[in-house]
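S.K.: below is the sequence, then the predicted model.
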Amino acid sequence: MKTKILLPLILLLLLLIGGLVYLYLNLDRQKQENKAMQELAELDKQEMENQYQQFAQQYSEMKTQINNDSIVAQLTAEQEKTQRLLRELKETKSSDAREITRLKKELATVRAVLRSYVMEIDSLNRLNQNLAAENTRVKGQYEEATRQIETLSTDKASLSEKVAIAAQLDAIGISIQAKDKHGRTTDRVAKAKVLQVNFSLAKNVTAQSGMKNIYVRISSPAGGVLGNAGTFNYENRSLQASMKKSVEYGGQETPVSMYWNVTQALVSGTYSASIFADGNMIGSKSVTLK
């Protein structure tokens, strides 16, 4: 009789111990995943700060390369706006997703404005350079011509750096949707069979044309990464991708759709999709599933 009572108690105790061990290991794994996502968020915020600082410095450099007072005043206003956004970013915590997203959109706007000024100043510089070259040829001043060549070489190197930044791709019109087995949009995790990410690569005539490898990294509410489509490099780190696609880009606005088939259990909460290309994060979007 004692044996019949004792054996079930032992089995129950073992099940309780096993459950506690499972919960402990699961909590530890989630902590590690959350830590990794926090580190990525910090890296992303630091990269944004670096770009804001670089853009503000470039506005300062461009003001020294132009003699047009009107354009100098415009550059000063844009530089002050960039510095203000940088201060706001530094005061924002990396965990504040809404504010980070807003400042990331502002960063894309600053980059686009900077790109337009780079092209405008390049056009003015080319005109000034042609006039200076003609004046040098007429006057036959060899020493002045030599100085102009040295100045042009310096300006060209500086301009090349600015054009490289202006050539960075941007993802616009980003959306992330869950689809059921009939291909209809749903906000229910139980019905989700596919996560679809849609966006467009923005028009950028300064960007290099050709095949572009696009990576999408989908984060779960717990901070883990869905799927495994290989790895890619970002900020001197190797990150896991949820999806990968090669896209032909010719400088014009290019629509892109990517799909991740649900192969693991999903939970209710907010899912975030981050888009990467050419070693840069070019956009992100979130969706909440019930």
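M.R.: Yep, it's here. Numbering: from 1, shown residues only.
S.K.: I'd like the average pLDDT over the helix or strand residue 257 falls within.
M.R.: Following DSSP states H and E, one finds residue 257 within strand 254-261. For strand 254-261, the mean pLDDT works out to 95.
S.K.: same check, this time on stretch 90-98
M.R.: Averaging pLDDT along stretch 90-98 yields 78.
S.K.: coming back round to it: what comes into contact with the strand holding residue 257?
M.R.: Contacts of strand 254-261 with the rest of the structure, by CB atoms under 8 Å, 6 or more residues apart in numbering, involve 193-201, 214, 216, 218, 226-227, 242-243, 245, 247-248. (Glycine included, C-beta is placed from N, CA and C.)
S.K.: equivalent analysis for stretch 64-83, please.
M.R.: Against stretch 64-83 from outside (CB under 8 Å, 6+ apart): 52, 55-56, 59-60, 62-63, 110, 113-114, 117, 120-121, 124-125, 155, 158.
S.K.: residues in contact with residue 55?
M.R.: Residues near residue 55 by CB under 8 Å, 6+ apart: 82, 110, 111, 114, 165.
S.K.: which one of the residues you listed is nearest to residue 289?
M.R.: residue 111 (31.8 Å; CB to CB).
S.K.: tell me the SS of that closest one?
M.R.: On the three-state scheme (DSSP: H, G, I helix; E, B strand; the rest coil), residue 111 is labelled helix.
S.K.: run a quick neighbour tally on it.
M.R.: The local packing of residue 111 (other CB atoms under 10 Å) involves 16 other residues.
S.K.: is it in contact with residue 167, as I believe?
M.R.: No - counting by CB atoms under 8 Å, residue 111 stays clear of residue 167, with 10.2 Å between them.
S.K.: the contacts of stretch 64-83, buried ones only, as a PyMOL selection?
M.R.: The PyMOL selection below is limited to those of the contacts of stretch 64-83 classed as buried (16 or more other CB atoms under 10 Å):
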select buried, resi 52+55+56+59+62+63+110+113+114+117+121+125
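S.K.: which one of the contacts of residue 55 sits closest to residue 231?
M.R.: Using CB to CB, residue 165 is the member of these that lies nearest residue 231, at 25.4 Å.
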